[in-house]
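Asker: model the structure of this input:
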Amino acid sequence: MLKRFELLQIPTITYLEISNNYLILNVNPKKISFLLEVMKNSSVFRFEQLIDIFAVDYPSIAKRFQINYILCSIIFKQKLLIKTLQQEKLNIIKSTKFIYKSADWLEREIWDTFGIFFTNSSSLRRILTDYGFIGHPFRKDFPLSGFLAVRWSHLLSKIILEPVILSQEFRIYEINNPWNTK
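Answerer: Presented below is the predicted three-dimensional model:
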């Protein structure tokens, strides 16, 4: 596998390693679509299948979001993991749905849950959260219970959005450890 990468010098790759039968590449986010197009259309690599795109949030570092692409070459029986880091303020990445058709749904999923925007994507809309949802739930700065509660009002015959109120007086704290039987 590495011999194939030596044949083609790609200036966008910043780091390369092999781990658990995966070839792992770190790439500049501006060049991700170029690299994916080379991986798919080059007869040297032939990564014709996009398995997954997923994001990871690291709020403690400057380039907070890591976007990962998993590709598969059926002919060469190889998997490739491409990683790219993106800052929170500049969370815009070029869409890859024109290279891999399966990327459209996965990019919508990442936008809905992390708020990472993909340019040239005409279908970025909510798919996992409701349309009135404010924020992105997989960011680590988002509260676990959300900002709004949704309920049906029989009196008004419509859906009502209310701010979430977490009352501490009804919470029960068990001081005894159930595993400590002494």
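Asker: all strands of the chain, in order?
Answerer: Ranges of strands in the chain, per DSSP state E, are 13-19, 22-27, 49-57, 65-73, 78-86, 92-94, 117-119, 148-153, 158-163.
Asker: nearest to residue 139, of those strands?
Answerer: strand 49-57 (5.7 Å; C-beta to C-beta). (C-beta placed from N, C-alpha, C; glycine too.)
Asker: residues making contact with the closest one?
Answerer: 36, 64-74, 79, 96, 100, 102-103, 106-107, 110, 113-114, 116, 138-140 (C-beta atoms under 8 Å, 6 or more residues apart in numbering).
Asker: now, of those, which are buried?
Answerer: Buried residues within these, counting neighbours by 16 or more other C-beta atoms under 10 Å: 36, 64-67, 69-73, 79, 96, 100, 103, 106-107, 110, 113-114, 116, 138-139.
Asker: partner residues bridging the residue nearest the centre of the chain?
Answerer: In the chain, the residue lying closest to the centroid (C-alpha atoms, centre = their mean) is residue 55, at 2.4 Å. Beta-bridge pairing of residue 55 under DSSP bridges involves residue 67.
Asker: for the closest residue to residue 152 other than its chain neighbours, grab the count of nearby residues.
Answerer: Nearest residue to residue 152 in three dimensions, chain neighbours excluded: residue 159, at 5.9 Å (C-beta to C-beta, 6 or more residues apart in numbering). Residue 159 is flanked by 11 other residues according to other C-beta atoms under 10 Å.
Asker: same question, the one 3 residues further on
Answerer: Counted by other C-beta under 10 Å, the residues lying close to residue 162 total 10.
Asker: got a list of what the closest residue to it other than its chain neighbours touches?
Answerer: In this structure, residue 162 finds its nearest non-sequential neighbour in residue 149, 5.0 Å apart by C-beta to C-beta, 6+ apart. If you count contacts by C-beta under 8 Å, 6+ apart, residue 149 has them with 161-164.
Asker: and residue 93, by the same measure?
Answerer: Contacts of residue 93 by C-beta under 8 Å, 6+ apart are 29, 32, 67, 84, 86, 116-119.
Asker: and of the residues you listed, the nearest to residue 14?
Answerer: Closest to residue 14, out of all of these and judged by C-beta to C-beta, is residue 84, at 9.3 Å.
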